[in-house]
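[1] Take this sequence and fold it.
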Amino acid sequence: MVSSLILQHFSSLNRPKGVSLSHGNLKSNFSAIIKGLALSASDRILSVLPFYYSYGNSVLNTHLLTGGCLVLENSMMYPQLIVDKFDQENITVFYGVPSTYAILLKRTNLKEANFSSFRLLAQAGGPMPPAHINELKQLIGETDFYVMYGQTEASARLTILDAGSLNEKLGSIGKAVDGVTIEVRNKDGQPVESGVIGELCAFGKNIMPGYWRDEALTSSVMVDGWLHTGDLAYTDDEGFLYIDGRTSDMIKSGANRISPKEIEEVISELPDVAEVAVVGTPDELMGEVIKAFIVLAPDTELDQRTIQSYCLKNLAKYKVPKKISFTDELQKTQSGKVKRYLLKAS
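    Numbers count the residues shown, from 1 in each chain. Presented below is the predicted three-dimensional model:
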């Protein structure tokens with residue numbers, strides 16, 4: 001198959017992959033996104049995402065296809081300028097990754113922003129803490145907020161949580177977009193029942209043919225045309241999908257396998273926390289112990305004991321971080337994902 005686009009993808013583990021995508025892959029997925037978000041020529045998009053990554057590339061092409069207007073802002077260095085442009089440019093659509101919204105919530109006067117022209121905001125690129133979603137929803141009022149999930153290997157998008165389902169299904173990534181079939185499978189490759197955690201696997205015209213000149217890597221994730229995402233997930237009784245973490249991010253502490261996602265969501269509920277990342281660090285006795293890296297909001301103070309006490313009230317004891325490190329920033333890839341391999345090594 002002839003490649004239309006090769007996207008160099010660096011995972012949070014710093015493993016480079018050349019994702020080869022065909023015209024058919026891209027066309028199928030862009031059409032599904034346009035339908036899922038009801039995009040049109042009347043939309044005005046403020047884009048802060050790099051176009052050489054899957055998320056930004058999908059934003060660029062979906063809005064070019066619909067004839068919408070793209071207002072480019074290629075830096076989050078001065079986040080208040082982003083907020084100012086919402087009103088100046090009569091923006092109707094805005095996309096971000098979790099760190100985008102964390103910065104806007106904690107480091108700008110977003111509370112004073114004018115959202116009257118907005119039609120929707122959307123999030124992808126990793127799980128956004130429910131506490132941040134709720135805080136944002138209070139500010140944007142009736143404006144729709146969509147949660148999206150996908151991978152570069154899927155041309156961008158695999159699922160969308162419709163804005164109308166957000167309150168009832170907070171924490172879900174929604175359901176498969178048009179043209180995509182999703183199954184949650186066990187280690188034997190068999191579909192599991194609702195409520196049972198397994199690996200999220202996807203099939204559709206949007207799925208890549210393979211990695212550029214790397215058959216071994218391709219065969220490790222592609223089986224009979226199905227993409228094995230490496231993400232752990234489950235469905236509820238209504239078929240809504242929930243991510244439980246990545247297999248590579250799981251913390252192995254003693255006899256427990258712990259997903260950092262739940263711990264990050266709890267710590268994010270503290271109003272003085274701007275960002276948090278949780279990893280497992282080596283320990284001679286336990287194998288790994290939980291360590292949280294925390295970025296505080298400007299002009300705030302928080303100590304380790306307060307954080308651990310809050311976690312103990314809201315988590316099982318074995319999920320409470322043993323170590324906490326305060327940092328000025330979390331280093332991220334250019335697509336906005338935390339470089340967890342650096343945190344593990346620190």
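[2] can you tell me which residues contact the spatially most central residue of the chain?
    Nearest to the mean C-alpha position of the chain, by Cα atoms, centre = their mean, lies Gly126 at 1.5 Å. With contacts defined as Cβ atoms under 8 Å, 6 or more residues apart in numbering, the neighbours of Gly126 are Val97, Pro98, Gly336, Lys337, Val338. Heads up, the C-betas are built off the backbone N, CA and C, glycines and all.
[3] Same list (these) but as CSV, adding neighbour count, pLDDT and distance to Lys17.
    Formatted as CSV, those follow (neighbours: other Cβ atoms under 10 Å; pLDDT from 0 to 100; distance: Cβ to Cβ, whole Å):
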residue, neighbour count, pLDDT, distance to Lys17
Val97, 22, 92, 19
Pro98, 22, 92, 22
Gly336, 21, 80, 17
Lys337, 18, 83, 14
Val338, 22, 90, 18
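[4] out of the residues you listed, who's nearest Asn314?
    Closest to Asn314 out of the contacts of Gly126 is Pro98 (19.7 Å), distances taken as Cβ to Cβ.
[5] Would you confirm that that closest one contacts Ala131?
    No: Pro98 is beyond contact range of Ala131, at 11.3 Å (criterion: Cβ atoms under 8 Å).
[6] For the helix or strand harbouring Leu139, which outside residues touch it?
    Assigned by DSSP states H and E, Leu139 belongs to helix 130-140. With contact meaning Cβ under 8 Å, 6+ apart, helix 130-140 is reached by 98, 101-102, 105, 110-111, 113, 115, 118, 121, 123, 145, 147, 166, 170-171, 265, 268-269.
[7] circling back: against Gly336, how distant is the residue nearest to the centre of the chain?
    Using Cβ to Cβ, to the nearest Å, we find Gly126 at a distance of 8 Å from Gly336.
[8] same thing with Gly68?
    22 Å.
[9] Mark out where each domain of the protein begins and ends.
    If you go by automatic domain parsing, the domain ranges for the chain are 5-246, 251-345.
[10] circling back to that earlier point, anything in contact with each of Gly126 and Gly336?
    Contacts common to Gly126 and Gly336, judged by Cβ under 8 Å, 6+ apart, are Val97, Pro98.
[11] My guess is Leu21 contacts Ile6. True?
    Yes: using Cβ under 8 Å, Leu21 makes contact with Ile6 at a distance of 7.4 Å.
[12] Comparing those two, which residue is more hemmed in?
    The neighbour comparison of Leu21 against Ile6 (other Cβ atoms under 10 Å) goes to Leu21, with 25 against 14.
[13] Tell me who's in contact with the more buried one.
    So, once contact is read as Cβ under 8 Å, 6+ apart, Leu21 ends up touching Ser3, Ser4, Leu5, Ile6, Leu7, Ser155, Met208.
[14] if you set the cut-off to 6 Å instead, what comes out?
    Taking Cβ atoms under 6 Å, 6 or more residues apart in numbering, we find Leu21 in contact with Leu5, Ser155, Met208.
[15] Leaving out sequence neighbours, find the closest residue to the last one.
    The reference is to Met208. Of all residues not flanking Met208 in the chain, Glu153 sits nearest, at 4.8 Å (Cβ to Cβ, 6 or more residues apart in numbering).
[16] What is the neighbour count of that neighbour?
    Glu153: 28 neighbours (other Cβ under 10 Å).
[17] And for Tyr234?
    Other residues near Tyr234 come to 18 when the count uses other Cβ under 10 Å.
[18] And for the one 5 residues further on?
    A count of nearby residues for Gly239, using other Cβ under 10 Å, gives 11.
[19] got it, and Ala216?
    Using other Cβ under 10 Å, Ala216 is surrounded by 7 other residues.
[20] Now do the SS call for it.
    helix (DSSP: H, G, I helix; E, B strand; the rest coil).
[21] what's near enough to touch Ala124?
    Tyr55, Met148.
[22] repeat that with 8 Å
    Ala124 sits next to Tyr55, Tyr95, Val97, Val147, Met148, Tyr149, Gly150, Arg157 when contact means Cβ under 8 Å, 6+ apart.
[23] Was I right to think the fifth one contacts Thr159?
    Yes: using Cβ under 8 Å, Met148 and Thr159 qualify as a contacting pair, with a distance of 6.9 Å.
[24] so what sits against both of those two?
    Common neighbours of Met148 and Thr159 (Cβ under 8 Å, 6+ apart) are Ile173, Gly174.
[25] about what we covered before: so what strands line up beside whichever helix or strand comes after the helix holding Leu139?
    For helix 130-140, the following helix or strand on the C-terminal side (DSSP H and E) is strand 144-149. The strands beside strand 144-149 in its sheet (DSSP bridges) come out as strand 120-123 (parallel), strand 159-161 (antiparallel).
[26] Quick check: buried residues in the longest helix anywhere in the chain?
    Longest helix in the chain by number of residues (criterion: DSSP state H): helix 23-37. By neighbour count on 16 or more other Cβ atoms under 10 Å, the buried set for helix 23-37 is Asn25, Leu26, Lys27, Ser28, Asn29, Phe30, Ser31, Ala32, Ile33, Ile34, Gly36, Leu37.
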